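In: For reference, the sequence and a predicted model appear below.
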Amino acid sequence: MRYLIDECHCDPMDTDKWGETVLHKAATENNSTDVIKYLINDCNCDPMTVDRRGWTPLHYAAGWGRSIAVECLLSTGKCDPLAKNNEGRTSLQLAKKTKQEGLTNTLPIFKKFGDIKSSHPIDSYVNVLLVGNPGAGKTTLSHVINHTATGSFVLGSLRNVGGVVPCTAGIIPYKLRHRTLGNIILHDFAGHSEYYSSHSAVIENLLQGSGGVFLIVVNILEKEPVKQLHQWLTVVRNEAHKALNQCHVIAIISHVDEISNPVERRMRKEEIHEIIVKERCDSVLINLTQLMYMYV
């Protein structure tokens with residue numbers, strides 16, 4: 001190969017009838033670092049070049065379970081694991097499919113490089129997912145977070161700002177630079193049951209490249225707040241395990257101030273606390289009256 005490129009002046013970016021370059025071939029058939037590094041570093045081949053199907057070399061490596069090629073490509077820092085082919089599939093999704101088919105599991109490699117990226121953030125944003133039943137206090141909490149941010153905007157339904165998923169039915173995303181929370185994208189999920197199926201798909205998409213923080217808001221005045229919390233924890237856990245990076249879960253218990261009977265208040269708190277300890281998530285008890293005052 002070196003002879004053909006260096007001495008015969010063959011162009012390594014030439015494509016065949018399927019639009020594949022020699023780098024595509026190397027990612028699929030040559031599971032070694034030497035050829036891939038030579039093509040990228042010495043020949044300046046673009047690892048994000050796509051074939052006629054929209055596949056990058058990383059798509060090929062992940063789709064064929066070539067672990068060495070996957071690691072080599074990701075280590076360049078020039079490959080986007082969330083780039084989609086013509087069918088809308090990412091190399092990360094192909095890696096998951098390859099694992100399910102019993103071929104080489106390259107997901108740990110994707111996770112490793114995802115962890116490196118998250119540990120060295122550059123103007124990065126953390127996804128904060130706000131969930132809960134109607135009337136739990138999500139809207140008030142969302143308003144407070146927005147009101148105390150240094151800069152914010154609602155992501156419009158007709159445009160995609162900064163690579164963030166635009167407005168979907170029942171979901172309002174806000175991109176915020178918050179004084180204490182840092183750079184976040186707050187996703188306010190409607191609690192109505194008709195949105196649940198679409199919520200699941202959106203959450204899975206949001207967590208593909210990174211982890212996130214789930215805020216589960218539960219109204220302690222509800223008839224069965226413990227059952228409600230358990231249901232949302234189950235939903236969140238089911239989605240969080242699909243993420244490459246760790247997700248944090250915080251249970252926010254609202255309307256505590258509206259329980260005037262101290263005995264009843266203590267009993268309800270203890271019931272909630274028991275499941276929170278069991279599920280190993282953090283918790284916050286909030287006074288909605290104070291939050292509303294902060295917002296106003």
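Out: Everything's here; your move.
In: List the buried residues in the one helix or strand Met267 maps to.
Out: With secondary structure defined by DSSP states H and E, Met267 is part of helix 262-279. If you call a residue buried by 16 or more other CB atoms under 10 Å, then helix 262-279 has these buried ones: Arg265, Arg268, Lys269, Ile272, Ile275, Ile276, Glu279. C-beta: built from backbone N, CA, C; applies to glycine.
In: what does stretch 55-69 rub up against?
Out: For stretch 55-69, the surrounding residues in contact (CB atoms under 8 Å, 6 or more residues apart in numbering) are 21, 23-24, 26-28, 30-33, 36, 47-50, 70, 73-74, 79-81, 83, 85, 89-92, 94-95, 97-98, 103-106, 109-110.
In: Ignoring the adjacent residues along the chain, who's closest to Val235?
Out: Counting by CB to CB, 6 or more residues apart in numbering, Val235 lies nearest to Val131, which is 7.4 Å off, once chain neighbours are set aside.
In: what does Lys242 give?
Out: Sequence neighbours aside, Glu204 is the residue nearest to Lys242 in space, at 5.6 Å (criterion: CB to CB, 6+ apart).
In: Can you get me a residue count around the one you found?
Out: For Glu204, the neighbour count with other CB atoms under 10 Å is 13.
In: And it, how far from Glu264?
Out: Using CB to CB, to the nearest Å, Glu204 is found at 39 Å from Glu264.
In: looking at the protein, which helix or strand is least sure?
Out: Taking mean pLDDT, DSSP states H and E as the measure, the helices and strands of the chain show their lowest mean at helix 288-295, namely a mean of 43.
In: Look up how far Trp55 lies from the spatially most central residue of the chain.
Out: For the chain, the residue lying nearest the average C-alpha position, counting by CA atoms, centre = their mean, turns out to be Leu207 (2.0 Å). Summarising the geometry, the distance separating Leu207 from Trp55, computed by CB to CB, is 23 Å.
In: In this structure the residue nearest to Val235 contacts Phe189, no?
Out: Yes - A contact is recorded between Val131 and Phe189 when judged using CB atoms under 8 Å, the distance being 4.9 Å.
In: Between these two, which contacts overlap?
Out: Shared contacts of Val131 and Phe189, defined by CB under 8 Å, 6+ apart, are found at Lys138, His199.
In: What ranges does the protein have for its helices?
Out: Ranges of helices in the chain, per DSSP state H, are 2, 22-29, 33-37, 57-63, 67-75, 91-100, 107-119, 138-147, 196-206, 225-240, 262-279, 288-295.
In: Worst mean pLDDT among these?
Out: Mean pLDDT is lowest for helix 288-295 among the helices of the chain, at a mean of 43.
In: For Gly54, grab the count of nearby residues.
Out: Considering only other CB under 10 Å, Gly54 is surrounded by 15 other residues.
In: Tell me which residues touch it, please.
Out: Gly54 is in contact with Lys84, Asn85, Asn86, Glu87, counting by CB under 8 Å, 6+ apart.
In: again with Leu23
Out: For Leu23, the contacting residues are Pro12, Ile36, Leu39, Ile40, Cys45, Pro47, Thr49, Pro57, by CB under 8 Å, 6+ apart.
In: Quick check: the farthest pair among those residues?
Out: In the contacts of Leu23, the most distant members under the criterion CB to CB are Ile36 and Thr49, with 13.1 Å between them.
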